[in-house]
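K.L.:
coords please:
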Amino acid sequence: MAFQDLLDQVGGLGRFQILQMVFLCISSLIVYPHILLENFTAAVPGHRCWVHILDNDTDSANGTGTLSEDTLLRISIPLDSNLRPEKCRRFLLPQWQLLHLNGTFPNMSDLDTEPCVDGWVYDQSSFSSTVVTEWDLVCESQSLKSMAKFLFMAGMLVGSIIYGHLSDRWLAESARWLMITNKPEEGLKELRKAAHKNGRKNAGDALTMEVVRSILQEELEAAQTKPSVFDLFRTPNLRKSVCLLSFVRFANFMSFFGLILHLQYIGSNVFLFQVLFGAVNLPANYVAFLALNHLGRQVSQTLFMFLLGVSILAITFVPQEIQTLRVALSTLGIAVSSMALMCSFAHGNELVPTIVRVTASGFMGIASNIGAALAPLLMILTVYSPHLPWIIYGVCSILAGLVVPLLPETRNKPLPDSIQDVEKERKGSRKAKQEDTSIKVTQF
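P.N.:
Sure thing, here's the model as predicted:
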């Protein structure tokens, strides 16, 4: 609570803090569209094998000139289980006998077929050209599309690790973090800067190093030891919190990016999905804000992660023909995923002490980006079952919801500044529960 007193003097939420949030929002607006770009640049249009009798540009391809395109397609391309033209195989020779079958569909498994050795013909009604049509990333090569998305997301993972250290820190440092990490002079400078921008110049000028040291005496003494990433795992309570929070972030990011990076697996109209997914985020964040204030951190995250898992599993078993229901379920999934993510960020910041909060955020960020990178990679499993990746997304979300109650509730509690604060608070809460239990027992 000592630092909170200093923060109240310079302005807890003023122009200074708002400007920082605006700069962060601008950065997110620039970066985020690049992640979603592959829904359009790597879209997979409808396709079938190129066949000489149908797609040759010369007039001699159709000798009689009387056969329609549908007829030529029928004798050249076999039908799949849904009675639609196969995407990856063609008849070895034109099957002229199929012309005499009026509305019947014989067993075509006995007819000789071959892969698309001469390439593919793509439907250009929605996308005139994509990287898929450019490099034929379909059929046997469809896994390369997932690999490309994986490499993109893996680049985000590597970049978050490297550029977190190489950044020029154009945003102001956290004054709380600077002081807790034994940099009181720099922290005092940031506090004065915040006070001036918040219109509290007199309060900023009144702050001196002596005042700061007297208020933060205990915290500054604890800051003599420089924290490291290993400090996250030395004590049992902090280790438990970091590991569980990392798993929740991992599952949340994997499910979230599984939805937004594979719009075509959900439905055919990717433009509609993109608009809906973008529009639902703002009200979703407001709902998360209300839930955090009224339900608390534990209940909110558990509820949203369960809803995310259930909505993804429901999408898996809803037929493609029922597009309205698939749109509703996927939009719900994106909404609750955003809600759960907001709750997870708030919960994580309140569980981890200030002295290692930046380190913990980086560690949990790595776990998040691993989940985001695995999301497209799991799509390779569609060669075994089209439902398998979605089942994994849904199950992981539900498991994450189950582990959230193992974390302590932090609503209306002060932020811990040191690792000792975390350990003492948990011991104190356990002791209080034991005392409450003994009181209840003695009443009967």
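
K.L.:
can you spell out the domain ranges of this structure, please?
P.N.:
According to the domain assignment given by automatic domain parsing, the chain is divided into the following structural domains: 47-122, 227-434.

K.L.:
could I get those as JSON lines with distance to L191 and mean neighbour count?
P.N.:
Yep, even glycine has a C-beta here, placed from its N, CA and C like the rest. Shown next, in JSON lines, are the domains of the chain (distance: least, C-beta to C-beta, whole Å; neighbours: other C-beta atoms under 10 Å):
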{"stretch": "domain 47-122", "distance to L191": "60", "mean neighbour count": "13"}
{"stretch": "domain 227-434", "distance to L191": "15", "mean neighbour count": "19"}
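
K.L.:
which of these sits closest to S146?
P.N.:
Closest to S146 of those is domain 227-434 (C-beta to C-beta; 4.4 Å).

K.L.:
if we can go back for a sec, ok, of the domains of the chain, where does mean pLDDT dip lowest?
P.N.:
Of all the domains of the chain, the minimum mean pLDDT falls on domain 47-122 (a mean of 76).

K.L.:
can you tell me how far T324 sits from F271?
P.N.:
Computed as C-beta to C-beta, to the nearest Å, the T324 to F271 distance reads 16 Å.

K.L.:
P414 now?
P.N.:
47 Å.

K.L.:
do G401 as well
P.N.:
When G401 is compared with F271 (using C-beta to C-beta), they lie 32 Å apart.

K.L.:
what about the strands in the stretch 51-200 of the chain?
P.N.:
Taking DSSP state E, counting those that start in this stretch, the strands of the stretch 51-200 of the chain run over residues 89-91, 113-115, 120-122.

K.L.:
nearest to H294, out of these?
P.N.:
Comparing the strands of the stretch 51-200 of the chain by their distance to H294 (C-beta to C-beta), the top pick is strand 120-122, with 51.1 Å.

K.L.:
quick one: strands adjacent to the closest one?
P.N.:
In the sheet containing strand 120-122, the strands it pairs with under DSSP bridges are strand 47-49 (antiparallel).

K.L.:
chain center to the strand it pairs with: distance?
P.N.:
33 Å (C-alpha atoms, centre = their mean, to the nearest Å).

K.L.:
could you do stretch 247-258 as well?
P.N.:
Relative to where its chain is centred, stretch 247-258 has its mean C-alpha point 5 Å off (C-alpha atoms, centre = their mean).

K.L.:
other residues contacting that stretch?
P.N.:
Counting by C-beta atoms under 8 Å, 6 or more residues apart in numbering, stretch 247-258 makes contact with 35, 153, 301, 305, 308-309, 312, 333-334, 337-338, 340-341, 344, 348, 364-365, 367-372, 374-376, 378, 389-390, 393-394, 396-397, 399-400, 403-404, all of which sit outside it.

K.L.:
coming back round to it: can I get the domains of the chain in a markdown table with distance to G14?
P.N.:
Compiled in a markdown table, those are given as follows (distance: least, C-beta to C-beta, whole Å):
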| stretch | distance to G14 |
| --- | --- |
| domain 47-122 | 55 |
| domain 227-434 | 19 |
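
K.L.:
closest one to V31 among these?
P.N.:
The closest of those to V31 is domain 227-434. By C-beta to C-beta, the value is 12.9 Å.

K.L.:
any chance of the strands of the stretch 51-200 of the chain in TSV, plus distance to A43?
P.N.:
Formatted as TSV, the entries for the strands of the stretch 51-200 of the chain read as follows, by distance: least, C-beta to C-beta, whole Å:
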stretch	distance to A43
strand 89-91	22
strand 113-115	23
strand 120-122	10
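
K.L.:
and those strands: which comes nearest R15?
P.N.:
Shortest distance between R15 and those, using C-beta to C-beta, is found for strand 120-122: 53.3 Å.

K.L.:
for the most centrally placed residue in the chain, helix, strand, or coil?
P.N.:
What sits nearest the mean C-alpha location of the chain, by C-alpha atoms, centre = their mean, is F253, with 3.0 Å. Counting by DSSP: H, G, I helix; E, B strand; the rest coil, the backbone at F253 sits in helix.

K.L.:
so for it, what's the nearest residue that isn't a sequence neighbour?
P.N.:
Once flanking residues are discounted, F253 sits nearest to G371: 3.9 Å by C-beta to C-beta, 6 or more residues apart in numbering.

K.L.:
nothing else from me, thank you.
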